[in-house]
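>>> Below is the structure, and that's it, no one-letter string:
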């Protein structure tokens, strides 16, 4: 449509882009979302305006959406007498979540993240925790440790009240310090007196939040297509995404890059082959073709932060939405490069050659 109307594809998306209050196809109204902000960042990125020289080269863009998820998570913690906090969670760390969860507990307790000692335990050792899937871990387990941190603060306020012989509600906590009527104790100083005030402080918390934040991503890709073989080379790739509040930006970038790489594999190579008896013929990673570092350029990332109002720290899920745009973006780039519209995945060399020859 953009080609026929002579419209810039990102401008077309901006004119029609959803925003807070708009309804999805299933009738659900969007909460605060960052699609328009992502489109603006993609449009302003140097990649979008860079010259594209050479034969059989094309540039494609696409936007993707993922609803994300919350689910049930639990965590436990104990305050140690040196001021450190031992954290036990049940979310398997496949994307840096051990650190991002520790950071959210540290933020709640207002202490350095280096004082949090995270441990991922098996789920027999911690309260019920759903799997690490659905872009839920930093959101939902982060919420659990937020509740956990508040519970620890309440317990420590009672300990400080015992020391000062006041009521717990008279004790305030801010900036890593407990205060009451001019008396002050740092988190570490109070932790050092746990044995004198009743022994260890241990707490558990769980969460099952439903206010997860939908996320949007826009990808820009340059390709070169060999018209004699149908082989597609990825020349340049940029992913722009609303991540909510980026708890650990380096890990967020890694998830954006990993998702884009998965989407590129989906677009170009990944395919199941079955024999006539229905047996999978390419059941090993030797035969199931995944992208490697030899197939991909460095994937540029642009983090757009539109905090999710449905989370104490504005967290949205990150890991899945970058898998969505690559097939469409690459298909658009292939069309610009060799003039054929690919509508079947993967867009492997044989399929591209068949389309070119048919044309």
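Cool, the structure landed. It should be emphasised that the depicted structure is a prediction, and the values quoted were computed from it without experimental measurement.
>>> pLDDT value on residue 115, please?
Listed pLDDT for residue 115 reads 98.
>>> does it really touch residue 83, like I thought?
Yes - the pair residue 115 / residue 83 is scored as a contact, 6.0 Å apart, by CB atoms under 8 Å. Just so you know, the C-beta spots here come from the backbone N, C-alpha and C atoms, and that holds for glycine as well.
>>> Run through the strands of the stretch 251-359 of the chain in chain order.
Remark: strands assigned in the stretch 251-359 of the chain by DSSP state E, counting those that start in this stretch are 299-304.
>>> Residue ranges in it under the pLDDT threshold?
Counting by pLDDT under 70, the stretch 251-359 of the chain shows no low-confidence range.
>>> can you map out the helices along it?
For the stretch 251-359 of the chain, the helices defined by DSSP state H, counting those that start in this stretch cover 326-338, 349-358.
>>> likewise the stretch 51-200 of the chain?
Going by DSSP H, counting those that start in this stretch, the stretch 51-200 of the chain shows helices at 97-109, 142-164, 187-191.
>>> related to what we said a few turns ago, could the helices of the stretch 251-359 of the chain go into JSON lines alongside distance to residue 143 and mean neighbour count?
Below are these laid out as JSON lines (distance: least, CB to CB, whole Å; neighbours: other CB atoms under 10 Å):
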{"stretch": "helix 326-338", "distance to residue 143": "30", "mean neighbour count": "23"}
{"stretch": "helix 349-358", "distance to residue 143": "44", "mean neighbour count": "15"}
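>>> Now do the same for residue 92: its pLDDT.
Model confidence at residue 92, given as pLDDT, is 93.
>>> go on, the one 3 residues further on?
We have a pLDDT of 85 for residue 95.
>>> Now it: closest residue in space, sequence neighbours ignored.
residue 255 (5.2 Å; CB to CB, 6 or more residues apart in numbering).
>>> Which among the helices of the stretch 51-200 of the chain is found nearest to residue 24?
With CB to CB as the criterion, residue 24 lies closest to helix 142-164 of the helices of the stretch 51-200 of the chain, at 23.6 Å.
>>> Which neighbouring elements make contact with that closest one?
Packing partners of helix 142-164 (3 or more CB pairs under 8 Å, 6 or more residues apart in numbering; DSSP states H and E): strand 73-79, strand 85-89, helix 97-109, strand 172-174, strand 177-180, strand 183-186, helix 187-191, strand 201-207.
>>> and it, which residues are buried?
Using 16 or more other CB atoms under 10 Å as the test for burial, helix 142-164 gives 142-153, 156-157, 159-161, 163-164.
>>> Same drill for residue 115 and residue 83, tell me which one is more crowded.
residue 115 (20 against 17; other CB atoms under 10 Å).
>>> Report the contact partners of that one.
By CB atoms under 8 Å, 6 or more residues apart in numbering, the contact set of residue 115 is 83-85, 106.
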